[in-house]
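*Asks:* this one's sequence-less:
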């Protein structure tokens with residue numbers, strides 16, 4: 001009997017910026033809001049459930065802003081939750097800024113440069129979501 005194997009590759013239609021900073025989440029949101037002229041607000045936690053026998057489920061704080069004029073959405077995700085990491089292979093990253101819809105390369109470079117101007121941020125760099133092993137944790 002012949003078998004057909006289906007492979008699923010999730011669509012990664014977002015830009016991902018890794019941010020390293022010792023700032024508290026709410027202080028970082030305040031500074032990002034002021035620096036980028038956005039208005040990140042806290043929304044429900046992101047819950048990641050694992051298969052039976054694993055550690056159960058983890059919860060991560062997240063913040064959201066939607067620019068309705070250009071339909072660009074910003075999510076600030078905390079990488080460290082109680083009991084684990086959102087992206088375990090990037091333990092040195094404290095936050096991820098996930099940008100969905102309608103952002104071109106120049107705007108993204110400007111955004112990253114603007115984030116790096118915040119003195120308490122050690123570094124903000126673009127990350128290719130396709131190269132992240134646990135990229136399914138970033139799809140919600």
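*Replies:* Ah, there it is. Since this is a predicted model, take the numbers as computed values, not measurements. Numbers count the residues shown, from 1 in each chain.
*Asks:* and the residue nearest the centre of the chain, bridged to which residues?
*Replies:* Closest residue to the average C-alpha location of the chain: residue 96 at 3.3 Å, with CA atoms, centre = their mean. Under DSSP bridges, the beta-bridge partners of residue 96 are residue 18, residue 77.
*Asks:* shaky segments in the chain?
*Replies:* Residues of the chain meeting the criterion pLDDT under 70: 1, 5-12, 49-56, 102.
*Asks:* the residue nearest to the centre of the chain contacts residue 17, doesn't it?
*Replies:* Yes: with contacts counted by CB atoms under 8 Å, residue 96 reaches residue 17, the gap being 6.9 Å. The way it works is simple: take the backbone N, C-alpha and C, and place the C-beta from them, glycine included.
*Asks:* overlap in contacts, those two.
*Replies:* Taking CB atoms under 8 Å, 6 or more residues apart in numbering as the contact rule, residue 96 and residue 17 both touch residue 127.
*Asks:* break down this structure into its strands, ranges please.
*Replies:* Assigned by DSSP state E, the chain shows strands spanning 14-21, 41-49, 57-67, 72-78, 80-81, 84-85, 95-100, 121-127.
*Asks:* now tabulate these in TSV and tack on distance to residue 114.
*Replies:* Shown next, in TSV, are those (distance: least, CB to CB, whole Å):
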stretch	distance to residue 114
strand 14-21	11
strand 41-49	20
strand 57-67	15
strand 72-78	13
strand 80-81	24
strand 84-85	26
strand 95-100	11
strand 121-127	9
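*Asks:* looking at the ones you listed, spot the one closest to residue 33.
*Replies:* Residue 33 lies closest, by CB to CB, to one member of the strands of the chain: strand 57-67, at 7.9 Å.
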